[in-house]
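> turn this into a structure:
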Amino acid sequence: MKAAILLPETPAAAARPVPLGAGRWADYLALAKPRVAVLVLFTVGAGGLLASVPAVPLALLVHAVLGTALVAAGASALNQWLERDSDAHMRRTRSRPLPAGRLSPAEVFAFGVLAGAGGTLYLLLALPSPCAGLLAAFTFLAYVCVYTPLKRLTTLNTLVGAVPGAMPPVIGWCAVRGEVTPEALTLFVILFLWQVPHFLAIAWIYREQYARAGLWMLPVVDPEGAATARQMLLYCLALVCASLGPLLLGSGGWLYASGALALGLYFTARAAAFGARRSEGRARKVLRASLVYLPGLLLVLLADRAVGLFLLG
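Have a look, this model is predicted:
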């Protein structure tokens with residue numbers, strides 16, 4: 001089915017870049033998408049802490065967070081560099097530094113390449129194992145070179161983008177353990193599944209803007225929302241099952257099990273409510289539930305691990 005692409009809005013007038021100052025530093029910070037970066041770095045730290053048994057190697061965790069922060073900033077900048085034209089046609093993005101003309105494409109490209117390459121090199125040099133650095137490089141390339149271009153080609157871009165999006169806790173885990181283990185793969189699967197209803201909620205809320213920008217999101221080609229709601233619910237149900245993985249591996253106990261089930265049922269209930277009556281308000285409730293679910297799940301897993309170590313010690 002063809003996407004219902006609307007006529008573009010008039011892009012914001014480009015302004016000539018100004019000398020570096022407080023406002024320009026804020027624009028460079030905006031390239032890193034700080035609100036997204038906070039959640040990414042939280043999952044890196046959580047992955048590292050979960051891998052730290054029994055002692056917590058603070059130096060390794062700091063290196064992992066700093067290096068991943070640079071890689072994430074570089075990926076976000078290059079994503080905005082590639083999507084500067086479509087960003088200019090969306091109300092939610094046209095005030096970003098590039099479409100608004102506060103930074104030039106050359107500046108953003110240089111920042112993105114230097115941050116991404118610098119963060120990868122930092123991880124490779126600062127950590128005892130190359131595992132985390134190699135995974136960060138894969139994440140960077142997959143996000144910039146595969147996921148971002150696919151947003152103009154197919155609605156499957158969401159699933160492709162969920163792969164690099166699920167890597168941060170694995171990077172944190174590898175920073176400590178130096179290898180990918182079944183526990184790390186469980187974290188990857190949880191984040192992969194979580195991203196689908198999370199992003200579909202965003203795409204539903206902004207579906208008209210995505211259509212105007214020529215980006216192929218499922219809600220763009222599913223104007224009634226039936227397929228979007230079905231995907232949300234199916235991935236939430238799969239997430240409830242996948243979240244019990246730590247129990248099967250012995251890395252989670254009764255505290256985690258009760259918390260994971262409660263959070264999973266809450267997230268699923270929000271998705272089911274959206275399916276029953278599809279509206280922007282209910283999509284926003286799914287989005288809020290997703291933002292409660294992920295940090296809540298990781299925190300309860302960390303708490304369970306801490307209680308287990310306390311009882312054993």
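
> and residue 55, how many neighbours?
6 (other C-beta atoms under 10 Å). Any C-beta I mention is one placed from the backbone N, CA and C, and that applies to glycine too.

> what does it show for phi and psi?
Here is the backbone geometry of residue 55 (degrees, to the nearest 10): phi -80, psi 150.

> and it, how far from residue 173?
15 Å (C-beta to C-beta, to the nearest Å).

> could you do residue 263 as well?
Taking C-beta to C-beta, one finds residue 263 at 21 Å from residue 173.

> looking at those two, which is more packed in?
Of the pair residue 263 and residue 173, residue 173 is the one with more neighbours under other C-beta under 10 Å, namely 30 against 22.

> mind listing what's buried in the helix or strand that one falls within?
Following DSSP states H and E, one finds residue 173 within helix 168-177. Buried residues in helix 168-177, counting neighbours by 16 or more other C-beta atoms under 10 Å, are found at 168, 169, 170, 171, 172, 173, 174, 175, 176, 177.

> between the helix or strand just after that helix and helix 168-177, how many degrees?
If you walk from helix 168-177 toward the C-terminus, the next helix or strand you reach (DSSP H and E) is helix 182-205. Interaxial angle of helix 182-205 relative to helix 168-177 (axes from the mean of the first three to the mean of the last three C-alpha atoms, to 10 degrees): 160 degrees.

> in helix 182-205, what's buried?
Of all the residues in helix 182-205, those buried under the rule 16+ other C-beta under 10 Å are 183-184, 186-205.

> which stretches of the stretch 1-150 of the chain have low pLDDT?
1-22 (pLDDT under 70).

> which residues in it form helices?
Ranges of helices in the stretch 1-150 of the chain, per DSSP state H, counting those that start in this stretch, are 22-31, 34-51, 58-82, 84-87, 105-126, 131-141, 148-150.

> packing partners of the third one?
Spelled out, that is helix 58-82. Here helix 58-82 touches helix 22-31, helix 34-51, helix 105-126, helix 131-141, helix 148-150, helix 168-177, going by 3 or more C-beta pairs under 8 Å, 6 or more residues apart in numbering; DSSP states H and E.
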